[in-house]
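>>> show me how the following folds:
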Amino acid sequence: MPETRRRYDPDFGESAVWVVRATHKPIAHVARDLGINPGTLGTWVAGDKVARGDNEKPTVADQVRVKQFEREVAELRMERDGRARIRPPG
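This is a model prediction of the structure:
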């Protein structure tokens with residue numbers, strides 16, 4: 001038997017996404033409360049994040065910059081700690 005797909009009004013989808021964003025409840029809980037598939041709501045929330053520019057996944061460029069900053073911080077700490085040991089007491 002072929003599977004039938006439910007169609008949702010765009011306003012309903014926007015409202016469901018708003019509930020997730022406003023309450024910070026897990027998507028699964030909101031979907032259960034609204035009687036919809038969690039995967040569907042997850043897709044809507046992900047689309048909303050992309051539309052808002054809130055994509056939480058760091059880009060490759062972001063990851064490279066973080067690694068560079070981590071190396072610089074490590075070098076600066078070593079320099080700081082090395083100078084602290086070299087200073088004469090008192």
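
>>> only C-alpha atoms from now on, for both contacts and neighbour counts.
Noted.

>>> residue ranges of each domain in the chain, please.
Following automatic domain parsing, one gets these domains for the chain: 8-56, 58-90.

>>> off-centre distance for the first one?
Put simply, domain 8-56 sits 14 Å off its chain's centre (Cα atoms, centre = their mean, to the nearest Å).

>>> repeat for stretch 7-20
20 Å.

>>> contacts for it?
26-27, 30, 34, 41, 44-45, 48 (Cα atoms under 8 Å, 6 or more residues apart in numbering).

>>> what are the contacting residues of whichever strand or helix holds D33?
Element membership of D33, judged by DSSP states H and E, is helix 27-34. When contacts are taken as Cα under 8 Å, 6+ apart, the neighbours of helix 27-34 outside the stretch itself are 16, 19-20, 37-38, 41-42.

>>> and these, which two are furthest apart?
Greatest spacing in those, by Cα to Cα: V19 and N37 (15.0 Å).

>>> returning to what we had before: same list (the contacts of stretch 7-20) but as TSV, adding neighbour count, pLDDT and distance to T59.
Formatted as TSV, the contacts of stretch 7-20 follow (neighbours: other Cα atoms under 10 Å; pLDDT from 0 to 100; distance: Cα to Cα, whole Å):
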residue	neighbour count	pLDDT	distance to T59
P26	12	96	25
I27	21	96	24
V30	20	96	29
L34	13	96	33
L41	21	96	24
W44	16	96	21
V45	20	95	20
D48	17	93	18
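
>>> now for these: which two are most distant?
Among these, the pair separated by the greatest distance (Cα to Cα) is L34 and D48, at 18.1 Å.

>>> starting at the chain centroid, how far to the helix of greatest length in the chain?
Counting residues, the longest helix found in the chain (DSSP state H) is helix 60-86. How far helix 60-86 lies from its chain's middle: 26 Å, per Cα atoms, centre = their mean.

>>> about what we covered before: helices - which of the contacts of helix 27-34 land there?
Within the contacts of helix 27-34, membership in helices is found for 16, 19-20, 38, 41-42, as judged by DSSP H.
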